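Asker: Build the 3D model from these lines:
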Amino acid sequence: MKLHVHEWGDADSPPVVCLHGVTGHGGLFARLAERLPDHRVLAPDLRGHGRSTWEPPWRIETHLDDLLETFADVVSTAWIGHSFGGRLVLELAAREPERVERAVLLDPAIRIRPDNALRAANEVPLDPAYSRSAVVGIFGELAAWGPPPEEVRAQTLLVIGADDSVVGPRQLARYERGLRDLRVVRVPGGHDVLVDSLEETAAAVSEFLEAA
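Answerer: Presented below is the predicted three-dimensional model:
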């Protein structure tokens, strides 16, 4: 299913695809796009969010299928994901390695402990911007581990909120050991690095995307 896509930048510039987290939408990447003037920034509303369909299923496999259909012509480029979007970037890099040249993980929800996932699912408020059922379904998906880091071959930037992060020490150590080409940057603030530390996050992303 093709997703609704927000777009910024020159159509002839190199594309970068940005994936939001649960309860978000693609428009949240507007301020980051302003700081990436040399790129065409594409940010979909994921299934269950914004202007894309809210219909199930809401499994990770379905989200990946949606992305592959929506961006069928985008090959070997950079993908940026915040929170659940970061988990999807990891999944896509493992499943379709030829599509993900560089992976930017903004405080990614690699895995949430089942008890924390249950608590978060129970606390999801009703909101006209997203499907509560879809969000609850996503938290259920996040209670399971994603792909082993050894399956991800893309150059990877991991941006972590220094004060409060969903990336635990054991998760970080696992990915530092397993990813072949990983750079870790800590920025002030918490999980929402695009709000708490926009300038620091954008600078790290821009440097990473421009590196040879």
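Asker: where does this structure have its least confident helix or strand?
Answerer: Least confident helix or strand, the chain: helix 169-178 with a mean of 94, by mean pLDDT, DSSP states H and E.
Asker: Show me what whichever helix or strand comes after that one is packed up against.
Answerer: Downstream of helix 169-178, the next assigned helix or strand under DSSP states H and E is strand 182-187. For strand 182-187, the contact count by 3 or more CB pairs under 8 Å, 6 or more residues apart in numbering; DSSP states H and E identifies strand 155-161, helix 169-178, helix 198-210 as packing neighbours. In this view, the C-beta of every residue, glycine as well, is placed from N, C-alpha and C.
Asker: can we see that at 7 Å?
Answerer: With contacts taken as 3 or more CB pairs under 7 Å, 6 or more residues apart in numbering; DSSP states H and E, strand 182-187 sits against strand 155-161, helix 198-210.
Asker: who's in contact with the residue most central in space within the chain?
Answerer: For the chain, Gly81 is the residue whose C-alpha lies nearest the centre (CA atoms, centre = their mean; 1.8 Å). Residues near Gly81 by CB atoms under 7 Å, 6 or more residues apart in numbering: Leu19, Leu88, Val89, Leu105, Leu106, Pro108.
Asker: Could you count how many residues lie near the spatially closest residue to the first one that is not a sequence neighbour?
Answerer: When you say that, I think you mean Leu19. Take Leu19 and drop its neighbours on the chain: the residue closest to it by CB to CB, 6 or more residues apart in numbering is Gly85, 3.0 Å away. By the criterion of other CB atoms under 10 Å, Gly85 has 30 neighbours.
Asker: Kindly report the same for Gly21.
Answerer: Neighbour count of Gly21, defined by other CB under 10 Å: 27.
Asker: Helix, strand, or coil at it?
Answerer: Under the three-state scheme (DSSP: H, G, I helix; E, B strand; the rest coil), Gly21 adopts coil.
Asker: Give me the nearest residue to it, chain neighbours excluded.
Answerer: Counting by CB to CB, 6+ apart, the nearest residue to Gly21 once its immediate chain neighbours are dropped is Ser83, at 3.0 Å.
Asker: so what's that neighbour up against?
Answerer: Taking CB under 7 Å, 6+ apart as the criterion, Ser83 is in contact with Gly21, Val22, Asp107, Pro108, Ala109, Val166, His191.
Asker: one step back: right, so the helices and strands packed on strand 182-187: which one is the most enclosed?
Answerer: Greatest average neighbour count among the helices and strands packed on strand 182-187 goes to strand 155-161 (a mean of 22), per mean count of other CB atoms under 10 Å.
Asker: Sketch out the helices for the protein, chain order is fine.
Answerer: Ranges of helices in the chain, per DSSP state H, are 30-34, 60-70, 84-95, 114-122, 132-142, 169-178, 193-196, 198-210.
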